[in-house]
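Q: need the 3D shape of this:
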Amino acid sequence: MSGLLDRNEHLTIITGHYGVGKTNLALNLVRDLRERYPRVTLIDLDIVNPYFRASESVEFLHDIDVDVLGPVFAGSNLDTPSLSPGIENTLAIAGPEHAVVVDVGGDPDGARALARFNSTIKNRAHRLLYVINQQRLQTQDIEETLELLSDIETTSKLSASGVIANTHLQAETTAETIVAAIPYAIAVADKAGLDLIAITAPRELSEESGKRIREDIYDSHSTLDKSIIYPIDRLIKTPWE
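A: Predicted coordinates:
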């Protein structure tokens with residue numbers, strides 16, 4: 001079972017650079033957690049990017065019986081950065097019967113919304129996962145990627161607990177795309193002093209990617225968990241699709 005589905009930390013916060021695929025990852029995660037928890041809530045803290053908000057996927061979330069809290073005006077033609085008053089209460093009750101996933105807007109600007117709930121989060125068993133995508137232009141350099149992580153931690157006043165490798169090229173992603181970025185992901189995690197929690201792969205490529213990793217990567221990085229591949233589906237589409 002992937003470390004992403006760990007039941008020991010019931011509050012999961014997903015952060016990273018704008019455009020790395022946080023929202024699609026969050027939607028996959030809440031869907032999978034719903035099979036393990038009686039109740040799951042997705043909190044959308046993205047008040048930065050109006051195009052890829054998790055709360056725009058309300059119908060999908062309702063279909064899988066996942067609650068959603070987010071910008072009050074998400075789904076309308078208004079774009080005022082106002083958050084639901086129920087967010088803090090939901091964060092406070094995350095536990096064995098209620099998993100909570102928080103999708104944070106990209107960069108330190110997005111982390112400012114997270115900082116509002118800093119004291120509540122610190123009182124819960126939580127994990128802040130830093131999502132990286134080497135194909136994202138602003139995070140191809142390891143030092144630049146680490147600098148952004150530091151900015152997010154400083155702004156949110158929370159410490160990251162793990163890295164998620166989510167390198168992709170949307171519909172153009174191949175197993176080679178995923179495997180070629182693993183040394184980068186390992187280096188980012190190592191230099192940050194964090195665990196590489198998971199390597200995502202489109203579900204149709206997950207078996208091939210896992211095989212390639214076993215053949216090409218495990219020998220030189222034996223600390224990688226054998227179940228590190230996390231299969232995901234593409235649940236978010238661009239506005240022009």
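Q: how about the helices in the protein?
A: Using DSSP state H, the helices assigned to the chain run over residues 22-33, 58-63, 87-92, 107-115, 118-122, 142-156, 175-180, 182-192, 203-216.
Q: okay, angle between the last one and helix 182-192 too, please.
A: Taking axes from the mean of the first three to the mean of the last three C-alpha atoms, to 10 degrees, helix 203-216 and helix 182-192 form an angle of 80 degrees between their directions.
Q: now, of the helices of the chain, which is deepest in the fold?
A: For the helices of the chain, the stretch with the most neighbours on average is helix 22-33, a mean of 24; neighbours defined as mean count of other C-beta atoms under 10 Å. In short, each C-beta sits where N, CA and C put it, glycine included.
Q: show me what it is packed against.
A: For helix 22-33, the helices and strands in contact under the criterion 3 or more C-beta pairs under 8 Å, 6 or more residues apart in numbering; DSSP states H and E are strand 11-16, strand 39-45, helix 58-63, strand 98-104, strand 229-232.
Q: wait, which of these is closest to residue 202?
A: Ranking the helices and strands packed on helix 22-33 by distance to residue 202, with C-beta to C-beta as the measure, places strand 229-232 first at 6.5 Å.
Q: what's the average pLDDT for the closest one?
A: Looking at strand 229-232 alone, the average pLDDT works out to 92.
Q: name every strand pairing with it and say which way it goes.
A: Applying DSSP bridges to the sheet, strand 229-232 is found paired with strand 195-202 (parallel).
Q: skipping adjacent residues, who's closest to residue 16 in space?
A: Closest residue to residue 16 in three dimensions, ignoring its sequence neighbours and counting by C-beta to C-beta, 6 or more residues apart in numbering: residue 131, at 3.6 Å.
Q: please name the bridge partners of the one you found.
A: Beta-bridge partners for residue 131, by DSSP bridges, are residue 16, residue 164.
Q: how many residues are close by it?
A: Summarising burial for residue 131: neighbours were counted as other C-beta atoms under 10 Å, giving 26.
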